[in-house]
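Peer 1: Got a predicted structure here, sequence first:
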Amino acid sequence: MIQNLRVRCKGPIVVAAALVSMHLLGASASAVRGPDFTSDLTLVQQAPPPATRLSSTQGSRFSRSAEAEIRFQEGLLRYNTGRLQQAENDFKAVLAADPADPEAYYYLGLSQLDQKRPADAVDSFTQALRIDPSFEEIYDARARAYLRLGRFDEAEQDINQLRNPKFENEVHYLRGLLAYGRNDLETARREFAAAKTSGGVESTAAGFYEGLTYLRMRELVQARSAFRDSALINTDPTLAAASRQLDTVLAIQEGGPKRPWDAQVTIAYEYDSNVIQIGSGIPLPGGISNQSDSRFVIQPSGSYSFIDKDPWEVGIEGNGYFSWYLDLSDFDIASFQLGPFLNWHFSENWFFSARYGYNYVQLGHEPYLNRNIITPQLTYIEKNFGYTSAYFQFESRQFDEATPTPALDRDGQIYAIGIVQGINLPPIFRDAGPANLDLSYRFEDQVAQGSDFDGLFHTLSATIFVPLPVWKLRADLGLSVAYDGYTNANSLDDEGRDREDWEYNITVGLSRQINKYFTVRADYTYTDHDSNVKTGGVDPYSYDRSQAGVRLIITF
């Protein structure tokens with residue numbers, strides 16, 4: 001029987017070819033249902049690649065009876081036109097007549113794989129290979145099924161069986177998928193690039209470009225999260241909310257199987273040359289210690305989606321920031337935040353998101369601050385360029401403290417708008433991945449009970465994320481400048497002037513992802529804050545500050 005595998009059955013083929021041609025006069029199978037290679041990057045196989053698919057009008061590899069050959073060709077036609085269940089039934093009927101038909105097992109497996117039943121497909125492909133181990137196309141198809149199941153070692157064994165030069169493109173592509181599934185993004189990028197260089201059909205090349213975009217999205221989300229932690233934005237949930245919300249939208253672009261829950265913990269040790277109270281634009285003079293200290297920090301975060309079916313995602317999230325100083329325990333922070341979120345994918349590249357967060361903060365182990373934060377956000381994803389995201393934010397805050405004077409009462413509201421522009425950049429270093437640039441602007445209208453804290457604030461920032469060619473390191477550099485223009489005469493200024501502050505920040509960091517669970521990071525931040533307020537020759541609101549930290553980021 002094996003010797004007859006490549007003998008064509010000429011008579012039945014003529015009949016079957018005529019049948020197929022009548023159905024295909026209006027459109028070719030590829031035009032009706034072309035392969036979607038971008039979904040391969042999510043380890044879901046939508047259609048077999050042309051390199052592994054026989055034409056519906058070419059001869060079979062196997063000798064069958066006339067009736068079986070016609071049924072086989074009908075199944076092939078139905079498969080290529082997307083009628084997968086009928087095709088599966090046809091191939092099963094062929095196998096019922098002759099269970100030693102490897103080609104029927106092959107197409108049965110493809111039909112099952114395209115119906116998102118990879119386990120059944122593996123069984124069919126394995127049976128085909130038992131009958132004809134030389135049928136290399138089956139190794140290609142079974143490797144894809146193994147990838148879909150997350151059985152990466154077995155997928156690798158099948159990929160290694162593809163030795164024919166005609167599979168060069170497929171081998172690089174499958175190795176890229178394998179590396180992607182193992183979270184080895186550098187190898188995945190390298191294999192996708194090699195597959196693109198080796199040639200292939202146009203849709204495959206388009207898939208490679210999409211794949212590189214998805215890889216960039218995953219890396220960018222990780223880099224943004226690490227940078228946010230090191231820049232201490234998480235101590236101010238008004239800033240963290242919009243950033244986390246954008247990360248969620250970017251993460252959707254990765255594709256792939258998604259759990260309903262997500263969790264991460266960052267553990268850090270930091271040195272601070274000038275310990276300052278939590279809060280942006282609101283510390284009292286007594287909240288600027290002008291003393292150095294070291295602290296241990298734990299930052300947990302997590303979310304759970306009750307609804308997660310495109311175009312909707314609805315869930316709840318929580319995060320915290322906890323710091324313990326070695327000496328200045330009055331500045332220890334415990335911050336808890338919890339609230340619902342919503343993401344609406346209302347158009348191909350458009351997302352609307354909204355979050356509410358209730359934030360409770362203790363300072364020095366005593367109640368300090370209660371906040372309610374609402375953040376609606378609109379994001380546009382342009383996959384080959386980057387993304388644009390705009391948001392509005394409302395915050396109400398209530399301090400648990402006795403104010404020294406009515407003018408220093410910080411209770412009130414903030415109304416803010418912001419925009420973030422992400423830009424995909426080419427690689428900066430040879431043999432390294434592409435870079436990303438984030439540009440942002442934020443405007444705040446701060447309204448407080450005390451006249452000293454009413455003001456209009458502006459912040460411009462730029463952050464670049466750059467993969468390095470050594471040790472799989474990623475570098476980031478963040479720069480920001482802020483102008484705070486207070487609208488009333490300051491009660492502490494000797495001349496009663498309106499307060500004006502300028503703040504400059506620079507953050508540099510290096511991160512290395514050890515595996516999909518652990519990332520290590522080291523970073524440094526310098527802040528120069530200058531205020532025009534003078535009290536008896538002293539600048540109560542001016543300071544500079546250096547912070548250095550090492551972190552372990554654990555992702556579950």
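Peer 2: Perfect, thanks for sending it.
Peer 1: Asp493 touches Val538, doesn't it?
Peer 2: No: the criterion here is CB atoms under 8 Å, and Asp493 misses it with Val538 at 11.2 Å. All C-beta atoms are positioned from the backbone trio N, CA, C, and that covers glycine.
Peer 1: can you count the residues close to Glu366?
Peer 2: 11 (other CB atoms under 10 Å).
Peer 1: neighbour count winner among Asp493 and Val538?
Peer 2: Asp493 (18 against 12).
Peer 1: And the more buried one, how close does it get to Thr535?
Peer 2: In this view, Asp493 and Thr535 are 7 Å apart by CB to CB, to the nearest Å.
Peer 1: again with Arg259
Peer 2: Arg259 is 54 Å from Thr535, by CB to CB.
Peer 1: Please say which of these two ends up with more neighbours.
Peer 2: Thr535 (14 against 10).
Peer 1: Report the beta-bridge partners for that one.
Peer 2: For Thr535, the beta-bridge partners are Val538 (DSSP bridges).
Peer 1: Just the pLDDT at it, thanks.
Peer 2: Looking at Thr535, its pLDDT stands at 88.
Peer 1: Kindly report the same for Ser440.
Peer 2: 91.
Peer 1: where do the helices sit along this protein?
Peer 2: Along the chain, counting by DSSP state H, helices occupy 10-24, 29-32, 66-80, 84-97, 102-114, 118-131, 136-149, 152-159, 168-181, 185-198, 202-230, 237-252.
Peer 1: can you tell me which of those the model trusts least?
Peer 2: When I compare these, helix 29-32 is least confident, with a mean of 33.
Peer 1: and the protein, what are its domains?
Peer 2: 2-162, 215-555 (automatic domain parsing).
Peer 1: Pick the most deeply packed of the ones you listed.
Peer 2: domain 2-162 (a mean of 19; mean count of other CB atoms under 10 Å).
Peer 1: and Gly364, what does it touch?
Peer 2: Applying CB atoms under 8 Å, 6 or more residues apart in numbering, we find Gly364 in contact with Ser329, Asp330, Phe331, Asp332.
Peer 1: which residues sit in contact with Pro311?
Peer 2: Pro311 neighbours (CB under 8 Å, 6+ apart): Trp344, His345, Phe346.
Peer 1: Quick check: Leu326 touching Ser294?
Peer 2: Yes: using CB under 8 Å, Leu326 is in contact with Ser294, at 5.1 Å.
Peer 1: Name all residues that make contact with Arg410.
Peer 2: Ile282, Leu284, Arg397, Phe399, Thr403, Ala448, Gln449, Gly450, Phe453.
Peer 1: any idea how far it is from Tyr358?
Peer 2: Counting by CB to CB - Arg410 and Tyr358 are separated by 18 Å.
Peer 1: and if you look at Leu369?
Peer 2: For Leu369, the distance to Tyr358 - CB to CB - is 12 Å.
Peer 1: Skipping adjacent residues, who's closest to Phe135 in space?
Peer 2: Leaving aside its chain neighbours, Phe135 sits nearest to Pro102 (5.7 Å; criterion: CB to CB, 6 or more residues apart in numbering).
Peer 1: May I ask you to confirm that the one you found is in contact with Asp132?
Peer 2: Yes: assessed by CB under 8 Å, Pro102 is found in contact with Asp132 at 4.1 Å.
Peer 1: Identify the residues contacting stretch 462-473?
Peer 2: Here stretch 462-473 has contacts from 186, 219-220, 223-224, 227, 425, 427-440, 474-480, 507, 510-513, using CB under 8 Å, 6+ apart.
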